[in-house]
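Undergrad: missing the sequence, but the structure's below:
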């Protein structure tokens, strides 16, 4: 099974509950789950993500470009590191809904949104 990348949604201090929903969905797919924490000064978020059951690895992209979770820099980052993953998931929030369609277009793959 291929690894799964989950984009963490947070406020640079704490994970948002929607991230846990995306991680739960990832566990249903199967494979190692890696969580990407992209933000500025988001080390506490990465530490919290590492403690979530089922998470095999946490990637931290700590840069001012990711501080406000804008779609363009997040999409570029996800494309850069996401090519080796079988699936890329994000919470069904405005951040995920803005970034993942861009990622899908850049990777020339289909996006499936709002799975419940």
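TA: Structure received. On a predicted model such as this, the values are computed, not experimentally measured, just so you know.
Undergrad: from residue 113, how far off is residue 102?
TA: 12 Å (C-beta to C-beta, to the nearest Å). Glycine gets a C-beta too; all of them are placed from N, C-alpha and C.
Undergrad: the two: who's more crowded?
TA: The neighbour comparison of residue 102 against residue 113 (other C-beta atoms under 10 Å) goes to residue 102, with 17 against 11.
Undergrad: for the helix or strand hosting that one, packing partners?
TA: Here residue 102 is covered by helix 94-107, with elements defined by DSSP states H and E. Secondary-structure packing of helix 94-107 (3 or more C-beta pairs under 8 Å, 6 or more residues apart in numbering; DSSP states H and E): strand 4-7, helix 71-82.
Undergrad: and the ones you listed as TSV, adding distance to residue 65 and mean neighbour count?
TA: Converted to TSV, these look like this (distance: least, C-beta to C-beta, whole Å; neighbours: other C-beta atoms under 10 Å):
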stretch	distance to residue 65	mean neighbour count
strand 4-7	15	26
helix 71-82	4	18
